[in-house]
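[1] need a structure here:
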Amino acid sequence: MALKSTVYKADLQIADMDRYYYAQHSLTLAKHPSETEERLMVRLIAFVLFANEALSFGKGLSDDDEPDLWQKDLTGAIELWVNVGLPDEREVRKACGKATHVAVILYGGRVADMWWEQNKKLLLKLNNLTVINLPETEALSIACSRNMDINCTIQDEQILIGYETGSFELFPIKFKTYA
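    Next up is the predicted model:
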């Protein structure tokens, strides 16, 4: 018998002073059985980084042909494709052919750094790619619950995350930005 996804609800307040984006989102996230709470929360932070009314969660781990997040225009063309984790370099190139802008959100500390060193030569050639590393994401698991109330403030490329019992900061590192 196959395990089912676990549903998480998030009331998300975003104040992105770098992009002048201020909004509240009520999100439903499905946690794949093989996914950790840390990865689920990294997907939520990826949403925060690229927040838009048209941004939505894809099937991600369940379907290789869909990203973790994406944004489509009214014609169905993919404007933004976001992968979380350490995707295969070929998959990133394939996504760059399908979407106007592709973003890869890395996490996992030293493993993410090693992934970048191994793939950067080929990935730096892709003009429509952004690669962001979230070096310290362990605290995200602490903020994770089935019903979350999360406040995120982005200023000078730093993210302050507030949740019901505390807060912490994330310092994303941009390895590559969309040209």
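
[2] name the element the residue nearest the centre of the chain belongs to?
    Centroid check for the chain by C-alpha atoms, centre = their mean gives Ala46 as the closest residue, at 2.3 Å. Ala46 is part of helix 37-49 when elements are defined by DSSP states H and E.

[3] residues making contact with that helix?
    Where contact means C-beta atoms under 8 Å, 6 or more residues apart in numbering, the residues beyond helix 37-49 that reach it are 8, 10, 12, 14, 16, 25, 27, 29, 31, 55, 57, 60, 68-69, 82, 84-85, 103, 105, 107, 132, 134, 137-138, 140-141, 143-144, 150, 152, 154, 159, 161, 170, 172. Every residue, glycine included, has its C-beta placed from N, CA and C.

[4] Determine the set of other helices and strands touching the helix or strand bottoming out on mean pLDDT in the chain.
    Least confident helix or strand of the chain, by mean pLDDT, DSSP states H and E, is helix 138-143 with a mean of 90. Secondary structure elements in contact with helix 138-143, counted by 3 or more C-beta pairs under 8 Å, 6 or more residues apart in numbering; DSSP states H and E, are helix 37-49, strand 158-163, strand 166-170.

[5] and the next helix or strand after the last one, how far out from the chain's middle?
    Going down the chain from strand 166-170, the next helix or strand is strand 173-176, by DSSP H and E. Computed by C-alpha atoms, centre = their mean, to the nearest Å, the separation of strand 173-176 from the middle of its chain amounts to 14 Å.

[6] In its sheet, which strands sit next to strand 173-176, and in what direction?
    When pairing is defined by DSSP bridges, strand 173-176 lines up against strand 129-134 (antiparallel).
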